[in-house]
Structure formats: structure tokens, C-alpha cells
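S.K.: With the input below, show me the fold.
(one chain, ligands or ions: 2)
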Amino acid sequence: MIRHVLHSVREMESLGEAFGQALAPGCVVGLSGDLGSGKTAFVRGLARGVGSGSRVHSPTFALLHEYEGGRCPVHHLDLYRLAGAAEVRAAGLEDYLVRPRGITAVEWVERWEEPLPGMKRLRFRWIDDGTREVMDDMPGA
Ligand SMILES: Nc1ncnc2c1ncn2[C@@H]1O[C@H](COP(=O)(O)OP(=O)(O)O)[C@@H](O)[C@H]1O
Ligand SMILES: [Mg+2]
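M.R.: Ligands and ions are numbered 1, 2, ... in the order given. Got it, this is the predicted structure:
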């Protein structure tokens, strides 16, 4: 288990960028943590690390954004508004989780109640106004 402490949005984006540089196509990164804990900021850096110049913003309403222009596509999902796996399937999002093309980053991944073998799991936590914590339970994977 690795604990990262990020003291600004910029530091959070840099952490995401380092992950984006290291992740292989075909992997799923599952992000959990309360609203405002920094998940979207992390994905902004991740897309940059993959090499995409796309603008990254929250897919809370769209459910899915795709960022191109990097080494591989980045699919950015936000399952916050979905109640469970059945709704995730009904929204047409299952393939991004179980057969990722490129890298899939999923906010509120716990809404998908089924196992995702090989998923990299990151847990985000609010510490204070400018500080967030990220726990990485499978470092290096
Ligand atoms: N260290 C930090 N890391 C990430 N975000 C931070 C940090 N400090 C303050 N913030 C603020 O917290 C909010 C994080 O929002 P966001 O990334 O959308 O979170 P989430 O996607 O988890 O809801 C932003 O308003 C950002 O400016
Ligand atoms: Mg978000």
C-alpha cells in the first residue's frame, strides 16, 4: 500500500500524469472517494501523461468522455449517477470496464458491483481545503 499526500491541484495532476506515463493500454483504473476528493483532477493529469491534449472535465452527466491524441485512447467514466451494474450495462458502459480499448479511468467504480480482475484501485480522501490523500493498493501494477 502506498499513500500519496497531495498539497495542491497541481500536485494531484502531476500524480495522475506519472500514472498516465506508466500505464499500459488495456488497463482499468478504478477511482473511489467522495465528491471533491480529486478524482477528476487526477484523470486530467492521467490523460496528459498518456499524451492527449484534450480538455478533461467531469463526465458526471455525460457518463463517458473519450480523450484522443495520446499513445492510446483514454475513456473517462463517472458512474456516480448509476445505481448498480445493471444500470451501467443499460448505459452501454460495460465494454469500457471489461474489454478496455486503451486506458479506462472510472470515477465511482464501486457502483459497478462486480469484480474487475486486474483493475488498479485508487482511493481518494479529502484531508483539508488544499490537501488530498490517495491510497494505491497495488503499487507498480
Ligand atoms: N490537493 C488537491 N488535489 C486535488 N484537488 C484539490 C486539492 N486541493 C484542492 N482541490 C480542489 O478540490 C476539488 C477536486 O475536484 P475534483 O477533481 O472534481 O474531485 P472529484 O472528481 O473527486 O469530485 C477541486 O475544486 C480542486 O480545486
Ligand atoms: Mg469527478
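
S.K.: Phi and psi next, for the residue of the chain found nearest ligand 2.
M.R.: Taking CB to the ion, ligand 2 has its nearest neighbour within the chain at Thr40, 3.4 Å off. Where you see a C-beta, it was placed from the backbone N, CA and C, and this is true even at glycine. Dihedral pair for Thr40: phi -70, psi -40, per degrees, to the nearest 10.

S.K.: Quick check: it touching Trp108?
M.R.: No - counting by CB atoms under 8 Å, Thr40 stays clear of Trp108, with 11.1 Å between them.

S.K.: so what's in contact with these two at the same time?
M.R.: Asp78 (CB atoms under 8 Å, 6 or more residues apart in numbering).

S.K.: Point out the residues in this protein that sit beside ligand 2.
M.R.: 39-40, 58, 107 (CB under 5 Å from the ion).

S.K.: In space, what's closest to the residue of the chain closest to ligand 2 - neighbours in sequence excluded?
M.R.: Among residues not flanking Thr40 along the chain, Ser58 sits closest, at 4.7 Å (CB to CB, 6 or more residues apart in numbering).

S.K.: residue contacts, the most centrally placed residue in the chain?
M.R.: Residue closest to the mean C-alpha point of the chain, counted by CA atoms, centre = their mean, is Ala105 at 3.3 Å. Counting by CB under 8 Å, 6+ apart, Ala105 touches 28-29, 31, 42-43, 46, 74-77.

S.K.: counting contacts, what elements does the helix or strand harbouring Arg44 pack onto?
M.R.: Following DSSP states H and E, one finds Arg44 within helix 39-50. Counting contacts by 3 or more CB pairs under 8 Å, 6 or more residues apart in numbering; DSSP states H and E, helix 39-50 packs against helix 9-22, strand 28-32, strand 74-78, strand 103-107, strand 120-128.

S.K.: Many thanks, I have nothing further to ask.
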